[in-house]
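A.B. asks: next input, structure requested:
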Amino acid sequence: MFSSGPGCRSHSHTMFLSHFQCRDVSMSADLCHPAGPACPDVWVGYRGKCYYFSEDQGDWASSRNNCSALNASLAGIDNQQDMDFMVRHKSKSDHWIGLRRDPGQPWKWVNGTEFNNLFRIGGGGDCAYLNDQGGVSSLRCTSKRYWIWWHVRSWPITQWL
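C.D. replies: Residues are numbered from 1 along each chain as shown. Prediction:
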């Protein structure tokens, strides 16, 4: 059963109606709360972020620069759940993520945060990508790969129309 808030109806499992997410009473004390803006078409929502899995290839720098125009960035991996989600949703091809290093320097995310060794990075390159085995490898940054962008679900939806 659910509370009778806007957009909520009685139901036995999680459902989305309008911009409200309703949860089963047995799962949470929060019966109904705003779910936030929806992701634009072809973007996939997960844990408060919208992800875009490209259909084109580019080098790491052009992949990063193209997403900046949309106020997004190459995707980071904050935890194992994020990694599992991206591996499930990407094609079998390799996809750039927002992790790189200058020669001889530590790995850093595109936001400047130093990499915390959450996972092993294979290869000898300076730009990281999710590989076709579900792990992370590295190559020369000038190599061509697909990419994954992300953005926190906070933008006005009209920006994407």
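A.B. asks: helices of this protein, start to end?
C.D. replies: 60-68, 80-89 (DSSP state H).
A.B. asks: in a markdown table: the ones you listed, plus mean neighbour count.
C.D. replies: From N, CA and C alone the C-beta is placed, and that goes for glycine too. Formatted as a markdown table, the helices of the chain follow (neighbours: other C-beta atoms under 10 Å):
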| stretch | mean neighbour count |
| --- | --- |
| helix 60-68 | 18 |
| helix 80-89 | 15 |
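A.B. asks: I'd like those written out as TSV, with mean pLDDT added.
C.D. replies: As requested, these are exported to TSV (pLDDT from 0 to 100):
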stretch	mean pLDDT
helix 60-68	90
helix 80-89	93
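A.B. asks: redo these as a markdown table? Include distance to F115.
C.D. replies: Formatted as a markdown table, the entries for the helices of the chain read as follows, by distance: least, C-beta to C-beta, whole Å:
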| stretch | distance to F115 |
| --- | --- |
| helix 60-68 | 15 |
| helix 80-89 | 13 |
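A.B. asks: which of the ones you listed sits closest to G45?
C.D. replies: Nearest to G45, of all these, is helix 80-89, at 10.3 Å by C-beta to C-beta.
A.B. asks: tabulate the CA atom coordinates of that closest one in CSV.
C.D. replies: Included here for helix 80-89 are C-alpha records, laid out as CSV according to Å, rounded to 0.1, in the frame of the first residue of the first chain:
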residue,chain,number,x,y,z
GLN,A,80,31.0,-1.0,-7.6
GLN,A,81,27.3,-0.4,-8.3
ASP,A,82,28.1,2.3,-10.8
MET,A,83,30.6,0.1,-12.5
ASP,A,84,28.2,-2.8,-12.7
PHE,A,85,25.5,-0.5,-14.1
MET,A,86,27.8,0.8,-16.9
VAL,A,87,29.1,-2.7,-17.8
ARG,A,88,25.5,-3.9,-18.1
HIS,A,89,24.3,-1.0,-20.3
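A.B. asks: least confident secondary structure element in this protein?
C.D. replies: One helix or strand of the chain scores below all others by mean pLDDT, DSSP states H and E: strand 15-17, with a mean of 27.
A.B. asks: so for G125, which of the helices of the chain sits nearest?
C.D. replies: Closest approach to G125 among those is made by helix 60-68 (9.2 Å; C-beta to C-beta).
A.B. asks: helices or strands next to the closest one in the packing?
C.D. replies: For helix 60-68, the packing partners by 3 or more C-beta pairs under 8 Å, 6 or more residues apart in numbering; DSSP states H and E come out as strand 73-74, strand 95-100, strand 146-152.
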